[in-house]
Structure formats: structure tokens, C-alpha cells
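**Q** next input, structure requested:
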Amino acid sequence: MTLTRTVGLPRRGFLGLTAGAGAAALLGTAACGAGGTSTGGSGDAKTLTVACEGGGKIELQPIVDKFQQATGATVTLVELPYEGLFNRLTSELSNGKPSFDVCAVDAVWLPLFAGKLAGLDDLFTPEVKGDLFPALVQEAQSGGSFVGMPVWTNSEILFYRKDLFEDPKEKAAFQTKYGYPLAPPTTWQQFTDIAVFFTRPDQKLWGTDVKGAVETEWLAHVLQAGSPGVVLDDGGSVIVDNAQHLAALAFYADLNNKHKVAPAGAAQTDWNAAQNLFNQGQTAMTRFWAHAYRQIPADAKVAGKVGAAPMIGGTAGVAGIPGPWYLSAPKDGAKNDLAKQFIKAAYDDNALSIETTLGLAARKSAYQSFADKPGFESFGPLLTTLNASATRPRPASPHWQRIVDSVLVPTIQKALTPGADYAALLKAARTQIEGIIK
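**A** Down below sits the predicted model:
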């Protein structure tokens, strides 16, 4: 099994979750021997080896520190680059001789590895499930058993420039033109109106960005339109050409093709490009991952001028696609009791991760405990978006990344051409996806 380049870069590279090139090479070499050489995990009964990616090490370190103090155990975090982690999990879970006792698993990997992961049902008490976002509880299960405990999650929300939205002249002009007050948009129509209003190419200002090189944002709009799932339904049938996918694609692509509210090059715009555009003050709004609010550089043009609001909504209301990671234990692990103890500690002490440089968590209560603090203004909108009834995880399909790479992103890019036949593109996508999953 191989992992294509697209998994690690558009989804993870922009989050700063991967180590630098030099460090990644060093860690990848060193980690091959860390925690043993595929002998079923670390040898000492009071030691644990946790295989994780760069962001995982950042998030887990304070939890590890507290766990070691409380238990006397020694926990080694083995940091690997994103693709290196995937390849290591693939190899060692397959041969049944993992050199790790716990592993951090990206959500899109769970369907691939589920059969090789230990059940964690006893950790998912009613209280635990009640403090996790519904989409994460759904995604953590495979074959009726829980195989991963969410440790951090994210979602796109709306960022907007307060210096523009709160300018009295802009507010008066918008009210005159559209007949309602200028405020952070909550609907597709409001988002479109505001994007059109602030598009001023002569001032190098556009209303928003349109990201053709990633699929997640369009899929969030699919859920906002009321689709029972994205691309596949719960039974695994292809629904990529249903009315909701079409409505979302028309809304998304028309921002570029019809309304022309995004900078040139939309088909190639990815997370990094969109983030740079907004930080440089070239877009009035962006739909972006909530963690980025605290990572706006102090010297950015928009620093201190950014507002945060829930993701916009369609006919089904607000919805987003969660971006979680899970902690799991290999089914063949020699220390699953201690591994489960650590995984439980990661849930219990989940709020410790919020004060790391990445600053993400998985529990509702963890986010709520910081939501009213200065500097964490994005947490309220994130809670609203992740708690929304229309928010759902991506399909639990082992073919998902291939579908993204070979069908979804190319379809979006083709749609970002004036005159594109959106319905025909989705019909062709259906045929391609059916060929992949058959």
C-alpha cells in the first residue's frame, strides 16, 4: 500500500504538522530503531512507545509529561513525517509485529487500519461520548467497535477582516446596495453578496478565495446543502451527482466563474495559498481551519484585525468536515492494558493540548474552557460548526484518498472554468468512483 503525495501536503502541510525536511530525515532514520525493531512494542513493562507525526508530538508532550509523573511509566514519542508514519503503520500492522504500543492515526487512515487495531469500547462510556463531537464518535467506530480515541480535531470556520466589516463607510455603502446590514455572513447568499461587494481588483482586494486544489471545502458545502453524506452514502453507494452535490458545486465554482470574487489561479489555489492571501490582506473573507486564528503572524497585514464566525450554512444550516486525529493501539500489541491507560489519559487531560503551539483538542469541554479567553475567539465558532447537526465525517472507505486524488480534486479544477457543465462533471465523477470502489 502506498500513500500519494496529496495526503501529506494539502491536508497536513499547511497545518505545520510535519517536521522540517532535515529533521524529518533524521527522525525517520532514528525512529526505525526507537521502541525496538518490530518485536511487538517496547520491551520494559513500564515503557510505552507512541508513534506519531510532528503535530502529534507537539500536542501529546504535555499529556506524556503528566502521565509519566502519575504512573512512573516511561513514554517515548517517536516522531515521523506524515508519509513515513503512514508507511510504518502500514508495514508493521500488516506483519503483526509493531514496534510501537500506541499510534496516532489520521482520520482518513482509520478505515484502512481498523482490522489491525485493538477495540477501545470500554473507554467510550456515555459520559465520554457526550463530551465528543458526534461526527468524531461516528468516525471512531469500525464494524461496530471503537478503534480510535479522538485527541484533536479541527474544522473550517469563517475568518473575516474586521477593519473592513466595521468601517462605517463600508457598512453604509453595503446597507444601501443590498438592503441589510454588513455582518459576518451566515448563508450562501450573504457570503456571495459580501464577496462581490469587497471585490476590488484595482485595490488588490478580492471578496474571498476559491480553493481548487483541495476538496474539503466543497464537501462542507455539500453537507450544508443537506446531502446525507459526501460522495458516498452510509451504505457505500455513490451519491456524488445528487442534487446537493450539484448545488454545492454550482455555489462554489460560481464564486470564481460567474461572480469573479477570487484572485486568478483558483484551480491551483490550496490551503497555503489561501492562507497567504488572507494574511496579506488580499481577501476580505476566507473559509479556513480554525487553528489558524492563533497563528496569524504579528507582522501580517491583517494581524489584530481578524474576526471569526461559524462556517456558513446552506439549506441544512451550518456544516463542516472535521479534521481529527485518533490514538489507537495495535491489536497484536504486547502492552494493550498500559496503552489503553495512556489513551484514556490523553482523553482525560485533553485540555492540556490547547496551550501548545498547535492548540487543538477533541473534547467539547476542553474547547469550552478556553472559548471566553482572549486569543481564543475562534473556539466558539469552531464549537458551533463541529456541533452542527449537518456536520459529518468523510466516508469510511479504504478507497477515500484515491477518490480524492484521482476524481474529486480534478473535478473541482475542471469546474473552475467559465462555462463548465457542473452536472456533466459530477456524472463523470460518479462513473469514475464506481470504478474505484467496485
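**Q** can you list the weak-confidence ranges in this protein?
**A** 1-43 (pLDDT under 70).
**Q** taking the centroid of it, which residue is nearest it?
**A** residue 323 (2.4 Å; C-alpha atoms, centre = their mean).
**Q** now it, nearest residue through space, not along the chain?
**A** Leaving aside its sequence neighbours, residue 323 sits nearest to residue 154 (C-beta to C-beta, 6 or more residues apart in numbering; 4.2 Å). (Glycine included, C-beta is placed from N, CA and C.)
**Q** can you tell me the SS state at the one you found?
**A** Following DSSP: H, G, I helix; E, B strand; the rest coil, residue 154 is assigned to coil.
**Q** my guess is it meets residue 288, correct?
**A** No. Using C-beta atoms under 8 Å, residue 154 and residue 288 do not qualify as a contacting pair, with a distance of 10.0 Å.
**Q** contacting residues around the residue nearest to the centre of the chain?
**A** 11, 107, 153-155, 216, 289 (C-beta atoms under 8 Å, 6 or more residues apart in numbering).
**Q** number of nearby residues for the nearest residue to residue 250 once chain neighbours are set aside?
**A** On the basis of C-beta to C-beta, 6+ apart, the spatially nearest residue to residue 250 that is not a chain neighbour turns out to be residue 422, at 5.4 Å. With neighbours defined by other C-beta atoms under 10 Å, the count for residue 422 comes to 21.
**Q** and residue 60, by the same measure?
**A** By the criterion of other C-beta under 10 Å, residue 60 has 27 neighbours.
**Q** and it, that one's in a helix?
**A** Yes. Counting by three-state DSSP, residue 60 falls inside a helix.
**Q** just to revisit the earlier point, between the contacts of residue 323, which sits nearest residue 60?
**A** Among these, residue 153 lies closest to residue 60 (C-beta to C-beta), at 14.6 Å.
**Q** quick one: contacts for the residue nearest to that closest one when sequence neighbours are not counted?
**A** The shortest distance from residue 153 to any residue that is not its chain neighbour, by C-beta to C-beta, 6+ apart, is 3.7 Å, and that residue is residue 324. Contacts for residue 324 were tallied using C-beta under 8 Å, 6+ apart; they are 107, 136, 139, 150-154, 362.
**Q** chain center to stretch 224-234: distance?
**A** A distance of 17 Å separates the C-alpha centroid of stretch 224-234 from that of its chain, computed with C-alpha atoms, centre = their mean, to the nearest Å.
**Q** to clarify, my last question referred to stretch 324-343.
**A** Stretch 324-343 has its average C-alpha position 23 Å from the chain's average C-alpha position, going by C-alpha atoms, centre = their mean.
**Q** can you check stretch 320-337 too?
**A** Relative to the mean C-alpha coordinate of its chain, stretch 320-337 is positioned 17 Å out (C-alpha atoms, centre = their mean).
**Q** can I get that stretch in PDB, CA atoms only?
**A** Output for stretch 320-337, consisting of C-alpha atoms alone and laid out as PDB, is shown next (Å, rounded to 0.1, in the frame of the first residue of the first chain):
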ATOM      1  CA  GLY A 320     -18.100  21.400   8.300                       C
ATOM      2  CA  ILE A 321     -15.900  18.400   7.600                       C
ATOM      3  CA  PRO A 322     -14.000  17.600  10.800                       C
ATOM      4  CA  GLY A 323     -10.200  17.100  10.600                       C
ATOM      5  CA  PRO A 324      -9.400  14.800  13.500                       C
ATOM      6  CA  TRP A 325      -6.600  12.500  14.600                       C
ATOM      7  CA  TYR A 326      -7.100   9.400  16.800                       C
ATOM      8  CA  LEU A 327      -5.000   7.400  19.200                       C
ATOM      9  CA  SER A 328      -5.100   3.700  18.700                       C
ATOM     10  CA  ALA A 329      -3.300   0.500  19.900                       C
ATOM     11  CA  PRO A 330      -2.300  -2.300  17.600                       C
ATOM     12  CA  LYS A 331      -4.400  -5.500  18.100                       C
ATOM     13  CA  ASP A 332      -1.300  -7.500  18.400                       C
ATOM     14  CA  GLY A 333       0.400  -5.200  20.900                       C
ATOM     15  CA  ALA A 334       2.000  -6.700  24.000                       C
ATOM     16  CA  LYS A 335       1.000  -3.900  26.300                       C
ATOM     17  CA  ASN A 336      -2.500  -3.000  25.500                       C
ATOM     18  CA  ASP A 337      -3.600  -2.500  29.100                       C
END
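**Q** distance check, residue 59 against residue 156.
**A** Between residue 59 and residue 156 the computed distance is 19 Å (C-beta to C-beta, to the nearest Å).
**Q** could you do residue 225 as well?
**A** 16 Å.
**Q** residue 95 too?
**A** Residue 95 sits 38 Å away from residue 156, going by C-beta to C-beta.
**Q** quick one: which of these two has more around it?
**A** Remark: of residue 95 and residue 156, residue 156 carries more neighbours, 26 against 11, as counted by other C-beta under 10 Å.
**Q** look up the closest residue to that one, ignoring the ones flanking it.
**A** Setting aside the residues directly before and after it, residue 156 is nearest to residue 287 in space (C-beta to C-beta, 6+ apart), at 5.0 Å.
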